[in-house]
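>>> Sharing a sequence plus its predicted fold:
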Amino acid sequence: MTRIGLIDGALPADWPGLERQAWLCEADGAPHAGQHAAAMARTIQSHAPEAAIVNAVVFPGRLATRLPYVRTALDWLADAPPDLVLCAFGMARSSVDLSIAVSRLQQAGTIFIASAPARGELVYPAALYGVLSVQGDARCVPAELSRLDLPHAVFGACPEATGAPDIRGASPAAAHAAGLLAACERGKGRDARCLEGAVRYRGRERRGEMAD
């Protein structure tokens, strides 16, 4: 069973496959973060139904967080490193502490997937070394990826969350990629190479482009 660290809003306590959860910020009563987290988990599990979710809550209700919360989430996950970590968000700046926390989990065998905006600016943790960065790509259906190899994004993926068509963009794209990676068999190089079988497009989208 694949264990996925979801650094996001709070999932309901009875969410299927929820292994454990930690609140690392104070709730503010807004519903948006919970809706976002549910959409990300549902999208992941549409590809990997048996995946277990380890939910580190860094969004208080509003879809906003701060570097110290994310760093604390990574430290909490490091107590029992998951196979994958999904960061379906991007921050404008990083820190030495964040880089160290990500590297610590990577050294323990955890793969990071993070969202990157299609506008092209670098965001974190997507821009950190070894993180698989994913942006939305309208060419892709849920089971497909594009191999972009852009400075800010390695992959593109379906920009629509499973069961939540109003949640669109880089966040669900990263969740689709995480689900596809989680569905890869253990022992067969579960890393970027594992995703090559899902790649249907290479390079940026161009008007009138046909699939390979």
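Ah, there it is.

>>> low pLDDT regions in the protein?
Residues of the chain meeting the criterion pLDDT under 70: 185-190, 206-212.

>>> same thing but at 50, please
Judged by pLDDT under 50, the chain has its weakly predicted residues at 187, 210-212.

>>> Next, the buried residues of stretch 169-185.
Of all the residues in stretch 169-185, those buried under the rule 16 or more other CB atoms under 10 Å are 169-184. For every residue, glycine as well, the C-beta is placed using N, CA and C.

>>> any idea where the helices of the protein begin and end?
Ranges of helices within the chain are 32-47, 67-77, 96-107, 170-182, based on DSSP state H.

>>> check contacts around the spatially most central residue of the chain.
Residue closest to the average C-alpha location in the chain (CA atoms, centre = their mean): Leu86, at 3.0 Å. By CB atoms under 8 Å, 6 or more residues apart in numbering, the contact list for Leu86 reads 4-8, 40, 44, 113-114, 174-175, 178.

>>> JSON lines for these, including distance to Leu63?
Listed next are the contacts of Leu86 as JSON lines, based on distance: CB to CB, whole Å:
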{"residue": "Ile4", "distance to Leu63": "20"}
{"residue": "Gly5", "distance to Leu63": "18"}
{"residue": "Leu6", "distance to Leu63": "14"}
{"residue": "Ile7", "distance to Leu63": "13"}
{"residue": "Asp8", "distance to Leu63": "9"}
{"residue": "Met40", "distance to Leu63": "12"}
{"residue": "Ile44", "distance to Leu63": "18"}
{"residue": "Ile113", "distance to Leu63": "18"}
{"residue": "Ala114", "distance to Leu63": "15"}
{"residue": "Ala174", "distance to Leu63": "15"}
{"residue": "Ala175", "distance to Leu63": "15"}
{"residue": "Ala178", "distance to Leu63": "18"}
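
>>> Buried subset of these as a ChimeraX selection?
To isolate the buried members of the contacts of Leu86 in ChimeraX, using 16+ other CB under 10 Å:
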select :4,5,6,7,8,40,44,113,114,174,175,178
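
>>> of the contacts of Leu86, closest to Ser146?
The shortest approach to Ser146 among the contacts of Leu86 belongs to Ala174, at 13.4 Å (CB to CB).

>>> nearest residue to Asp8 other than its sequence neighbours?
Ala37 (4.1 Å; CB to CB, 6 or more residues apart in numbering).

>>> Now for that neighbour: which residues touch it?
6, 8-11, 55, 57, 59.

>>> Repeat that for Leu132.
Per CB under 8 Å, 6+ apart, neighbours of Leu132: 111-114, 154-155, 177, 181, 192.

>>> Of these, which is the nearest to Leu77?
Phe112 (10.6 Å).

>>> Stretch 106-114: end-to-end distance?
14 Å (CA to CA, to the nearest Å).

>>> Give the buried residues for it.
106, 110-114.

>>> What is the burial count for the residue nearest to Arg104 when sequence neighbours are not counted?
The shortest distance from Arg104 to any residue other than its chain neighbours is 5.7 Å, reached at Ala78 (CB to CB, 6+ apart). For Ala78, the neighbour count with other CB atoms under 10 Å is 16.
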